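J.: Predicted model, plus sequence, below.
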Amino acid sequence: MRTLIIGNGMAAGRLVQELVARGVDDITVVGDEPHHAYNRLLLSGVLGGIHDPRDLEMRTPGWYRRNGVAVLRGQRATGLDVQRREVRLADRTLLRYERLVLATGSHPHLPSLRGIASDRGRMRPGIFAFRTLADCEQIAAAAAPGKRAVVIGGGLLGLEAARGLSLLGCQVEIVHQAPHLMEKQLDAGGAEMLRRTLDDLGITTYLDTRATALRSGPDDRVEAVCLANRYELDCDLVVFACGIRPATRLAQEAGIAVRHGIVVDDSFATSAPQVWAIGECAEYRGSVSGWAQSAIDHATALAGVLTGAAVGNVEQCPQITRLRAAGVELAAMGDTAAVADANTEVLCLANPVARTYRKTVVRDGQLIGALLVGDVSAAGELTRAFERGRPLPADRHELLFSSPEGRVA
């Protein structure tokens, strides 16, 4: 049965792997990037020159050939006819399908700022999003030692971009409108330790303010970021890392139900016959997830559905965040902002000199949150305790320190 997959990101890459392992053939993948599916979690390493782009590939080109998977790279799907079961590509090629999987992923969110676009409607020179390998290449080409870079967004992606730019020798400043960095994952104490660590690395952070406009020079190239507090940051390039939006246009124009994402049922089926959706574009059980683990879980479950397995329950994956960049490491999981009460134990150890911060949150004997900044040696055991609900030591301090064998004592 002919299976057509639109999108070639992490969800699609995992789905192809799972289908091949189950003996499915006649698979075609369409991706608008010129690369095979790759691990986006390592993009900051590419930007900073730590990883070669080939290091990110989920499977080698030879693997696709050996398994008979046709991959159309650099091709964009522009139309979908669910009655004829056809997908139209930008070059007017028509692809017929018997089963269609939409794994279109997401787009970077760009705020509506005055000066972001030129008179022709395109982003001005020196302005970039940070989402793809192509973005990394363009940013790296514009960056150079001594150049001034401003990153808009102090979430995980923004911090990865900032550290990558600093490794290229840029003077980096971060603008973040929340009161502290990574506010969705960190508490105020952990975020402050992270800010100090970044400051040690020469990365300046502006918190609780937002960019309101970009100012360009006579050559139309960006030269400053204007903030809400009327302060201006001179710059040579600006990188936006302000979140993502599900890519739903193809489905919506085809009449498929879309809310925040492409609406799917428990088997990831959309409102159109023989069409499924997974990953960042899919709205599963009322929510859209940008977590890589969710995309992998969706793909694994759908592979089972397409090969006749019973529909299973895809659990909401635990929120575990890791930041690994040269000189910056953290691990955060679950509810890190909880406060102590009659049923909740909170243990927090901060060492501003060593730039380390450790925190655990235990409720009714279960680890429901943990945060490590600086020293993440206990992350493995904490993650296992968090995911599996394993019994905890009576002395909660033991959770925060690894024994010489690498295990919590």
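T.: Great, that's in hand.

J.: now Leu399: how far from Leu302?
T.: With the distance defined as C-beta to C-beta, to the nearest Å, Leu399 ends up 36 Å from Leu302. For the C-beta atoms, the positions are set from N, CA and C on the backbone; glycine is no exception.

J.: what about those two, which has more around it?
T.: Leu302 (28 against 22; other C-beta atoms under 10 Å).

J.: Show me which residues of stretch 347-367 are buried.
T.: Burial within stretch 347-367, assessed by neighbour count using 16 or more other C-beta atoms under 10 Å, is assigned to 347, 350, 355-363, 367.

J.: Can I get that stretch as PDB, trimmed to CA atoms?
T.: Taking C-alpha atoms only, stretch 347-367 is exported to PDB below (Å, rounded to 0.1, in the frame of the first residue of the first chain):
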ATOM      1  CA  LEU A 347      15.100  20.900  48.700                       C
ATOM      2  CA  CYS A 348      17.200  23.600  47.100                       C
ATOM      3  CA  LEU A 349      21.000  24.000  47.300                       C
ATOM      4  CA  ALA A 350      22.600  27.000  45.600                       C
ATOM      5  CA  ASN A 351      26.300  27.800  45.200                       C
ATOM      6  CA  PRO A 352      26.800  31.100  43.500                       C
ATOM      7  CA  VAL A 353      30.600  30.800  43.600                       C
ATOM      8  CA  ALA A 354      30.600  27.500  41.800                       C
ATOM      9  CA  ARG A 355      27.600  28.600  39.700                       C
ATOM     10  CA  THR A 356      25.600  25.500  40.600                       C
ATOM     11  CA  TYR A 357      22.000  25.100  41.600                       C
ATOM     12  CA  ARG A 358      20.200  21.900  42.600                       C
ATOM     13  CA  LYS A 359      16.500  21.500  43.500                       C
ATOM     14  CA  THR A 360      14.100  18.600  44.000                       C
ATOM     15  CA  VAL A 361      10.400  18.600  44.600                       C
ATOM     16  CA  VAL A 362       8.900  15.600  46.200                       C
ATOM     17  CA  ARG A 363       5.100  15.200  46.800                       C
ATOM     18  CA  ASP A 364       3.600  12.300  48.600                       C
ATOM     19  CA  GLY A 365       6.900  10.400  48.300                       C
ATOM     20  CA  GLN A 366       7.200  10.900  44.500                       C
ATOM     21  CA  LEU A 367       9.700  13.100  42.700                       C
END
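
J.: Report the mean confidence score over it.
T.: The predicted model gives stretch 347-367 an average pLDDT of 94.

J.: can you list contacts of it?
T.: Stretch 347-367 has contacts (C-beta atoms under 8 Å, 6 or more residues apart in numbering) with 187, 189-190, 193, 196-197, 200, 334-336, 338, 343-346, 368-375, 378, 382, 385-386, 389, 391-392, 396-397, 399-400.

J.: What's the PyMOL syntax to select whichever of those are buried?
T.: The following PyMOL line selects those of those that are buried, judged by 16+ other C-beta under 10 Å:
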select buried, resi 187+189+190+193+197+334+336+338+345+346+368+369+370+371+372+373+374+375+378+382+385+386+392+399+400
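
J.: quick one: which of the contacts of stretch 347-367 sit in helices?
T.: If you go by DSSP state H, the contacts of stretch 347-367 have 189-190, 193, 196-197, 200, 382, 385-386 in helices.

J.: Closest one of these to Ala11?
T.: Comparing the ones in helices among the contacts of stretch 347-367 against Ala11 with C-beta to C-beta picks out Phe386 as the nearest, at 24.0 Å.

J.: Can you tell me how far the closest one is from Ile244?
T.: Distance of Phe386 to Ile244, given as C-beta to C-beta: 25 Å.

J.: try Leu89
T.: Leu89 sits 24 Å away from Ile244, going by C-beta to C-beta.

J.: circling back: just the buried residues of stretch 347-367: which are in strands?
T.: Judged by DSSP state E, strands contain the following of the buried residues of stretch 347-367: 347, 350, 356-363, 367.

J.: Could you list the low-pLDDT ranges of the chain?
T.: Within the chain, the stretches falling below the threshold (pLDDT under 70) are 119-121, 310-313, 315-318, 402-409.

J.: do that again at 50, thanks
T.: Along the chain, the model assigns pLDDT under 50 to residues 404-409.
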